[in-house]
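Asks: with the input below, show me the fold.
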Amino acid sequence: MKKTYNFILISIIILGLSISCNKHEKNNEEDKECITNKTEYVTSVDSPDTGTVNQLINIEVKFRVINGCGGLGKFIETDNGNTRTIAVEAKYEGCFCTQVIATRTVNYEFIPSNPGDYELKFKSSPTEFITVNLTIN
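Replies: The predicted model follows:
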């Protein structure tokens, strides 16, 4: 009788641990699903007009996110000579987010390697851009 009781008790403990581990693994999978990336459009850009070769130029960029979990993921850049097209990829982290449209302000860092005139085009809609013209000495 005692052996049967011990066997049942051990079986219940093992079953409980198994269910607990499976639930923890499932929660980790759900957490991973609560990260999304989405291209968002720039609402304003504040930039100087001039700069110096090999010197950092900080350009203030504002963009909107669709909820409180949104922030900057990365800048997506395409170069064509001295013209650079820049899009903002927002990263949304979290499963439970405040439902508020918010504006985020970030710095875009530009280091020109050659003197000349540069055109930086920040994507502000599917077909429009906010353009910054820089003269680099």
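
Asks: what residue ranges in the protein score low on pLDDT?
Replies: Applying pLDDT under 70 to the chain flags residues 1-32.

Asks: which strand or helix spans the residue nearest the centre of it?
Replies: Geometric centre of the chain, nearest residue: G73, 1.7 Å, by Cα atoms, centre = their mean. G73 is located in strand 70-80, with elements delineated by DSSP states H and E.

Asks: and that strand, how far out from the chain's middle?
Replies: Offset of strand 70-80 from its chain centre (Cα atoms, centre = their mean, to the nearest Å): 9 Å.

Asks: what are the buried residues along it?
Replies: Neighbour-count burial for strand 70-80, counted by 16 or more other Cβ atoms under 10 Å, picks out G70, L72, G73. Bear in mind the C-beta positions are built from the backbone N, C-alpha and C, glycine included.

Asks: mind telling me what element the closest residue in space to the last one that isn't next to it in sequence is part of?
Replies: The one in question is G73. Nearest-residue entry for G73: K91, 3.3 Å, with adjacent residues in sequence omitted and distances by Cβ to Cβ, 6 or more residues apart in numbering. Assigned by DSSP H and E, K91 falls within strand 83-93.
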